[in-house]
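A.B. asks: I'll drop the sequence and a predicted model, then ask my questions.
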Amino acid sequence: MSLLLTFKALHLFFMIAWFAGIFYLPRLFVYHAMTEEKSCSAMLKIMERRLLYFVTPFAILTLIFGVLTIVEYGREWFRYSMWLHYKLILVIILYIYHGFCFKLLADFKHDRNKRSDRFYRYFNEFPVLVLLAIVLLAVLKPSL
C-alpha cells in the first residue's frame, strides 16, 4: 500500500466527515433564526456548538492529509498543476466559511443574531457550490 494512496484516502474521508457537519450546521442556524421559543433556542445552541466543535478536527485533518498528499506528489507536480492552485483558493474560502461559523455560533449563543432565516438558507447553499467546483477541478484536472 502506497503512502500517497493512504494520504488521499484519509484526506477524502475527513473531507466527507467535515462536510457532513458544514452542510448541517447552517440548517440548524435556519431553524434557530426562525424560532422564538426559549427552550428550542437553548436546545439549538447546544446542537450547534457540539456539531461545530465535533467537525472542526475533521477540517484540520482534511488539511493535514491534503498537504501530505501534495508533498508526496512533489514540487514539480505542484508547480504544473494549476487546477490545484484554483482548488486551494476555494479550499481557503471554505476554511474562512468554517471560521465565520464560529462567529455566527457566538451571535446565537449571546442572543444577538440579526440575520434572517433566508440569509441562512443562502449561507447553507454556499459550501455546496464551492464543493462542486472543487470536485470538478480535482476530477477533471483542467489545464488552466
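C.D. replies: Happy to help now that I have it.
A.B. asks: What number of residues are in the vicinity of L94?
C.D. replies: If you count neighbours by other C-beta atoms under 10 Å, L94 ends up with 20. Every C-beta, even on glycine, is put in place using the N, C-alpha and C of the backbone.
A.B. asks: Surely it and L129 touch.
C.D. replies: No. Contact criterion C-beta atoms under 8 Å: L94 and L129 do not qualify, at 10.8 Å.
A.B. asks: And the helices in this protein, which stretches?
C.D. replies: For the chain, the helices defined by DSSP state H occupy 3-34, 38-73, 75-80, 82-109, 117-140.
A.B. asks: among these, which is the most enclosed?
C.D. replies: helix 3-34 (a mean of 17; mean count of other C-beta atoms under 10 Å).
A.B. asks: what's that one packed up against?
C.D. replies: helix 38-73, helix 82-109, helix 117-140 (3 or more C-beta pairs under 8 Å, 6 or more residues apart in numbering; DSSP states H and E).
A.B. asks: 6 Å - rerun?
C.D. replies: For helix 3-34, the packing partners by 3 or more C-beta pairs under 6 Å, 6 or more residues apart in numbering; DSSP states H and E come out as helix 38-73, helix 117-140.
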